[in-house]
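Student: Have a look at this prediction, sequence included:
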Amino acid sequence: MATEIETPPFLGSAPPTPSVDIEAERLRDENKRLREENERLLSQVHSVQSAQVPGLYSAPAVRTPSLQQLSRIAAKFNLDLDEAELQEFQHAMKRPLASYQRLDKLVEPLPPVKWPRTPGWRPQPAENPHNAWYWRTEITGAHSGKLHGKTVAIKDTVAVAGVPMMNGSRVLEGYVPEYDATIITRILDAGGIIKGKAVCEDMCKSPSSYTAATGPIENAHVSGRSSGGSSSGSAALLALGEVDLAIGGDQGGSIRIPAAWSGVVGHKPTYGLVPYTGCVSVETTLDHVGPMARTVEDVAIMLEVLSGYDNGLDPRQAPNISVQNYTSQLTGDLSGIRVGLLKEGFGLETSEADVDDMVREAAYSLTTVGAVVEEVSVPMHYDGCHLWNTVAIEGTLETMVKGHGLGVGWKGFYPTSMLEALARGFKSRASDTSHTLKLLMLFGEYMRETYGGRYYAKGQNLSRVLTHAYNNALQNCDVMVLPTVPFKATEIPDQDVSIKEFCQPGIKVVANTCPFNLTGHPAISINAGFSQGLPVGMMIVGRHFDDVTVLKVAYAYEKIRDGK
């Protein structure tokens, strides 16, 4: 484990001037001693980092490219270079290669692993009947705190040091991270007990629950139906009562969809409120991670623990993020709160009438506790899923597939071991990925090669217009309400399903959820009731960093629902 050397804050600057000369002399001597000690430690680290004796052979970390390799790269970039020119360029690479060789010898800083644990175990089918667990653990943290005694399932896209991580895919199978994601440390610091890693969909690229390499996860309420994805295992474990809390990730609805189809509560926080540090990135501008639970209060408590600035390790965050006491405002009273029924979220081509009716009824019940409920309209909501699709397809290709779960061009913590594991995995096991991921790779690369990223850029530009449209609507109401998913949980396909049928659900499922990943608004899904034995989710969307009002409205509805 790498250890960063902490430099006392006064090193390199003059110490405070004392009133007594002898004290000043003592401080100067102490300062000098600390300087010398610091230099000694740095020298030791450099010695360990080099791990070689001068003059003796040391295997190079980075090889000099052959002329054949350079010729292939030149052709890729449409460079017309003859062999003599390639040889000159090969020679010119000696200096930059030296930098890479030196960089390989240096030890990089890692987030701390604060709490001890054992690696855990892969559960046998008898102890995992719904196939929702990928790995079981028993990791305990502080003896007190907001989550003291609460059991937690972690989506298997979040790194837990020493515990195998698969991200639902053969591509990452066998990888064991040596660092904890920031939210893992925060959960353990708050007294939470991590019971294991929950199965997620193959590289998180499905809103259903049958693409994981470990097999499908059936709905906890009706067998043969989907649990929703990609945080499928997290939602199923909550619905089955196996844990109190869970972590989900959300790039297009992956917290809210499984929450809706499994009948639990899932909150996608405002973009950047909860640090994504140490999680596999799908697309940096769409990545969200957040709490799931059976009650709104537990979600609110968990959000208090998870949220807050991560000292520059996550580029999605601004330094001025403040942590609020969300639970203190869960009163059940909505006096003065304006609820807008988002017109364009209802009556879609795929909408089921019972889902629309149930969500409307749930929204209007809020008037009994003081809320005003009126219809609002955002016509651009219809285009939100199309904007998201262009960003998600090409952005995921560049960030998760080609960028090996990280991408480039941002400041923060880069988990290099995970990057290497994904790089190797995509070279050796790409053919073992799900049809949905193969579709993304094929179509995404076609669009990048043929149109050069034009549509990705245009989608990102228009997402600002979409954000403005929602913000305008939220000037006339405090929250917007719509069905999380326009229809109830779908059937899990048979083994002989065609590629077309396998990939079909996609955009239909995320039509109402994915626009808010583009815009970053906070959104929660809460169970509005059951129809034909299947849960129906109601989504509540609020203003940026006004997660507290979203939770407040969800809590009030939960009390009305449970009081019937």
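Tutor: Right, received. Where do you want to start?
Student: Need phi/psi at residue 152.
Tutor: Reported as degrees, to the nearest 10, the phi and psi values for residue 152 are phi -130, psi 140.
Student: I'd like to know how many residues surround it.
Tutor: 27 (other C-beta atoms under 10 Å). Placement of C-beta: from N, CA and C, glycine included.
Student: what does residue 316 give?
Tutor: Neighbour tally, residue 316, other C-beta under 10 Å: 22.
Student: do the same with residue 453
Tutor: 14.
Student: My read is that it contacts residue 394, right?
Tutor: Yes. Using C-beta atoms under 8 Å, residue 453 is in contact with residue 394, at 6.4 Å.
Student: Tell me where the chain has strands.
Tutor: 133-140, 151-155, 193-198, 245-250, 265-268, 288-293, 338-342, 372-376, 479-483, 523-531, 534-542 (DSSP state E).
Student: ranking these by burial, who's on top?
Tutor: The highest mean neighbour count among the strands of the chain, using mean count of other C-beta atoms under 10 Å, belongs to strand 265-268: a mean of 32.
Student: Paired strands for it, with orientation please.
Tutor: Here strand 265-268 has these sheet partners by DSSP bridges: strand 288-293 (antiparallel), strand 523-531 (antiparallel).
Student: who's in contact with that strand?
Tutor: 231, 235, 248, 250, 253, 255-256, 258-260, 288, 290-296, 298-299, 303, 516-517, 522-527, 547, 550-551, 554, 558 (C-beta atoms under 8 Å, 6 or more residues apart in numbering).
Student: Among the strands paired with strand 265-268, which comes closest to residue 419?
Tutor: Closest to residue 419 of those is strand 288-293 (C-beta to C-beta; 18.6 Å).
Student: orientation of the closest one relative to strand 245-250 in degrees?
Tutor: Relative orientation of strand 288-293 versus strand 245-250 (axes from the mean of the first three to the mean of the last three C-alpha atoms, to 10 degrees): 150 degrees.
Student: centre of the chain versus strand 288-293, how much separation?
Tutor: 9 Å (C-alpha atoms, centre = their mean, to the nearest Å).
Student: do the same with stretch 140-156
Tutor: Distance of stretch 140-156 from the chain centroid (C-alpha atoms, centre = their mean) equals 19 Å.
Student: Just the endpoints, please. Distance across it?
Tutor: Chord length of stretch 140-156, first to last residue, is 18 Å (C-alpha to C-alpha, to the nearest Å).
Student: so what's the closest residue to residue 117 other than its chain neighbours bridging to?
Tutor: Counting by C-beta to C-beta, 6 or more residues apart in numbering, residue 139 is the residue found nearest to residue 117 once chain neighbours are left out, at 4.2 Å. Taking DSSP bridges as the rule, residue 139 bridges to residue 194.
Student: separation between residue 139 and residue 151?
Tutor: Noted for residue 139: a distance of 11 Å to residue 151, by C-beta to C-beta, to the nearest Å.
Student: same deal with residue 125?
Tutor: Going from residue 125 to residue 151 by C-beta to C-beta gives 21 Å.
Student: Repeat that for residue 424.
Tutor: From residue 424 across to residue 151, the span is 34 Å (C-beta to C-beta).
Student: cool, residue 498 as well?
Tutor: 40 Å.
Student: same thing with residue 288?
Tutor: Noted for residue 288: a distance of 23 Å to residue 151, by C-beta to C-beta.
Student: Over to residue 195?
Tutor: From residue 195 across to residue 151, the span is 5 Å (C-beta to C-beta).
Student: which neighbours do these two share?
Tutor: 242-243.
Student: Find the nearest non-adjacent residue to residue 229, please.
Tutor: Excluding its sequence neighbours, the residue lying closest to residue 229 (C-beta to C-beta, 6+ apart) is residue 201, at 4.3 Å.
Student: actually residue 173, not the one I typed
Tutor: residue 166 (5.1 Å).
Student: what pLDDT does the one you found get?
Tutor: With respect to pLDDT, residue 166 scores 98.
Student: Name all residues that make contact with it.
Tutor: 134, 156, 172-173, 175, 197, 213-214.
Student: Please apply the same query to residue 367.
Tutor: residue 373.
Student: Now do the contacts for residue 279.
Tutor: 157-159, 181, 183, 249, 287, 289.
Student: Give me the subset of those lying in helices.
Tutor: residue 183 (DSSP state H).
Student: Which two among the contacts of residue 279 are spaced furthest apart?
Tutor: 159 and 287, at 14.0 Å, using C-beta to C-beta across the contacts of residue 279.
Student: Which one of the two is surrounded by more residues?
Tutor: More neighbours surround residue 159 than the other of residue 159 and residue 287, with 28 against 23 (other C-beta under 10 Å).
Student: excluding its backbone neighbours, what's nearest that one?
Tutor: In space, residue 159 is closest to residue 177, 3.9 Å off (C-beta to C-beta, 6+ apart).
Student: shaky segments in the stretch 101-250 of the chain?
Tutor: The stretch 101-250 of the chain contains no residues with pLDDT under 70.
Student: repeat that with 90
Tutor: Within the stretch 101-250 of the chain, the segments meeting pLDDT under 90 span 112.
Student: so what's the closest residue to residue 443 other than its chain neighbours up against?
Tutor: Take residue 443 and drop its neighbours on the chain: the residue closest to it by C-beta to C-beta, 6+ apart is residue 393, 6.3 Å away. Listed by C-beta under 8 Å, 6+ apart, the contact partners of residue 393 are 440, 443-444, 447.
Student: Put together CSV for the residues you listed, with distance to residue 109, neighbour count and pLDDT on each row.
Tutor: Converted to CSV, those look like this (distance: C-beta to C-beta, whole Å; neighbours: other C-beta atoms under 10 Å; pLDDT from 0 to 100):
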residue, distance to residue 109, neighbour count, pLDDT
440, 33, 22, 97
443, 38, 13, 97
444, 33, 21, 98
447, 37, 18, 98
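Student: With distance to residue 118 added, can I get these in CSV?
Tutor: Formatted as CSV, the contacts of residue 393 follow (distance: C-beta to C-beta, whole Å):
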residue, distance to residue 118
440, 36
443, 43
444, 40
447, 45
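Student: And the furthest pair within the residues you listed?
Tutor: 440 and 447, at 10.4 Å, using C-beta to C-beta across the contacts of residue 393.
Student: quick one on the thing from earlier: you'd agree the residue nearest to residue 159 is up against residue 416?
Tutor: No. The criterion here is C-beta under 8 Å, and residue 177 misses it with residue 416 at 10.8 Å.
Student: Please identify which of the two sits among more neighbours.
Tutor: Neighbours per residue (other C-beta under 10 Å) separate residue 177 from residue 416, with residue 177 holding more: 22 against 12.
Student: Got the phi and psi for that one?
Tutor: According to degrees, to the nearest 10, residue 177 has phi -70, psi 150.
Student: Tell me where the model's unsure across the protein.
Tutor: Short version for the chain, where the test is pLDDT under 90: 1-55, 57-58, 112, 322-323, 504-507, 564.
Student: Quick check: the residue nearest to residue 173 vs residue 415, distance?
Tutor: Taken as C-beta to C-beta, the span from residue 166 to residue 415 is 15 Å.
Student: In CSV: the contacts of residue 166, plus distance to residue 283.
Tutor: Shown next, in CSV, are these (distance: C-beta to C-beta, whole Å):
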residue, distance to residue 283
134, 23
156, 18
172, 17
173, 22
175, 21
197, 22
213, 21
214, 24
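Student: ok, so of these, who is nearest residue 346?
Tutor: Residue 346 lies nearest to residue 156 out of the contacts of residue 166, by C-beta to C-beta, at 34.2 Å.
Student: how about the nearest residue to that closest one, chain neighbours excluded?
Tutor: With C-beta to C-beta, 6+ apart, the residue lying closest to residue 156 is residue 197, at 4.3 Å.
Student: Let me know how buried residue 351 is, in neighbour terms.
Tutor: Considering only other C-beta under 10 Å, residue 351 is surrounded by 17 other residues.
Student: how about it, what does it touch?
Tutor: Contacts of residue 351 (C-beta under 8 Å, 6+ apart): 483, 486-487.
Student: Who does the residue nearest to residue 345 when sequence neighbours are not counted form a beta bridge with?
Tutor: Nearest residue to residue 345, sequence neighbours excluded (C-beta to C-beta, 6+ apart): residue 482, at 2.7 Å. Beta-bridge partners recorded for residue 482 (DSSP bridges): residue 539.
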